[in-house]
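Asker: the following block contains a protein sequence and its predicted model.
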Amino acid sequence: MLNTQQLKDLTTQVRRDILRMVHKVNSGHPGGSLGCAEFLVTLYNNIMDRKEGFDMDGIGEDLFFLSNGHISPVFYSVLARAGYFPVEELGTFRLIDSRLQGHPTTHEGLPGVRIASGSLGQGMSVALGAAQAKKMNGDSHLVYSLHGDGELQEGQNWEAIMYASAKKVDNLISTIDLNGQQIDGSTDDVLPMGSIKAKFEAFGWIVIDIEEGNNIDAILKGMTEAKSKTGQGKPVCVLLKTVMGNGVDFMMYTHEWHGKAPNDEQLAIGLAQNPETLGDY
């Protein structure tokens, strides 16, 4: 467990990792990665019950599944900083023969990665299978998943959302990153989805709102509440309201940095706004 200042320092370092990773190869997805940095740092260090080491079975520990796999930079940085693999390996992001591909894969054997993701809309189905397996095995641990709000435009999500409540999968906490942006513009411009909260509630889920999704104290409070709602016969949805590109002023509040890397000058500006705290790789 880390205190709030340690979580903030780690988040700042993760933001530096994200910027440097995508800059080096001039490709990747910094916007959503930066927006979810506080959440994933807090989840892995203070919320999830994790074992030392890594095995694919994940018995006797909480599990996490990243559905919107394009935000792999933040996922890789958080995993490395949590000790799953050497931090120095972040320097191989998106290179040929690297274990850190643009979207996470399992055949590369990277510790911490349980599914290949990037084909949007599939992560909740996988998380459901893992959650039901835990129930069948008498394992009381929880399963967490993360999804983009634009990703909910994929129909498979709603089949899974319907199934989860119908089968009372109450050891699942699925978080939706509500940044209001996707690759072609705002979610409201591309395909308005109305009230996501009302939809999940109509599908029989318990819904928790985290209005300040880039505030670590708010995340801790909201995720603690979400955990307290498990085991009540319903799956739990967390609506996490974030800012795409959070922490780098020129990347915030726009879809333009969904999948674009900063140039040398932009990198310098972004790094200046996020001073080194734990040491660069």
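Answerer: Good, I have the coordinates.
Asker: neighbours around Tyr163, how many?
Answerer: 16 (other C-beta atoms under 10 Å). Where C-beta positions appear, they are placed from N, C-alpha and C, glycine not excepted.
Asker: buried residues in the host helix or strand of Gln13?
Answerer: Gln13 belongs to helix 4-25 when assigned by DSSP states H and E. Neighbour-count burial for helix 4-25 flags 6-24 (criterion: 16 or more other C-beta atoms under 10 Å).
Asker: what's the answer for stretch 58-74, then?
Answerer: Judged by neighbour count using 16+ other C-beta under 10 Å, the buried positions of stretch 58-74 are 58, 61-74.
Asker: next step: the residues you listed restricted to strands.
Answerer: Leu63, Phe64, Phe65, Leu66 (DSSP state E).
Asker: tell me the secondary structure at the residue nearest the centre of the chain.
Answerer: Taking C-alpha atoms, centre = their mean, the centroid of the chain lies closest to Leu146, which sits 4.8 Å from it. Using DSSP: H, G, I helix; E, B strand; the rest coil, the structure places Leu146 in strand.
Asker: skip the chain neighbours and tell me the closest residue to it.
Answerer: Closest residue to Leu146 apart from its sequence neighbours, by C-beta to C-beta, 6 or more residues apart in numbering: Thr175 at 5.1 Å.
Asker: returning to that earlier point: give me the distance from the helix holding Gln13 to the chain's centre.
Answerer: 14 Å (C-alpha atoms, centre = their mean, to the nearest Å).
Asker: follow-up on the earlier one: state the pLDDT value of the residue nearest to the centre of the chain.
Answerer: For Leu146, the pLDDT comes out at 98.
Asker: what is the neighbour count of Leu95?
Answerer: Neighbour count for Leu95, taken as other C-beta under 10 Å: 12.
Asker: same deal with Lys51?
Answerer: A count of neighbours around Lys51, defined by other C-beta under 10 Å, yields 12.
Asker: pretty sure it is touching Leu63, no?
Answerer: No: judged on C-beta atoms under 8 Å, Lys51 makes no contact with Leu63 at a distance of 10.7 Å.
Asker: helix 4-25 and the helix or strand containing Gln266, what's the angle between them?
Answerer: Per DSSP H and E: Gln266 is located in helix 264-272. Angle between the axes of helix 264-272 and helix 4-25 is 170 degrees (criterion: axes from the mean of the first three to the mean of the last three C-alpha atoms, to 10 degrees).
Asker: where in the stretch 51-200 of the chain is pLDDT low?
Answerer: By pLDDT under 70, the stretch 51-200 of the chain has no low-scoring segment.
Asker: do a quick rundown of the helices in it.
Answerer: 72-81, 123-136, 155-166, 187-190, 196-202 (DSSP state H, counting those that start in this stretch).
Asker: would you pull up how far the fourth one lies from the middle of the chain?
Answerer: Think helix 187-190. Helix 187-190 sits 21 Å away from the centroid of its parent chain (C-alpha atoms, centre = their mean).
Asker: thank you, goodbye.
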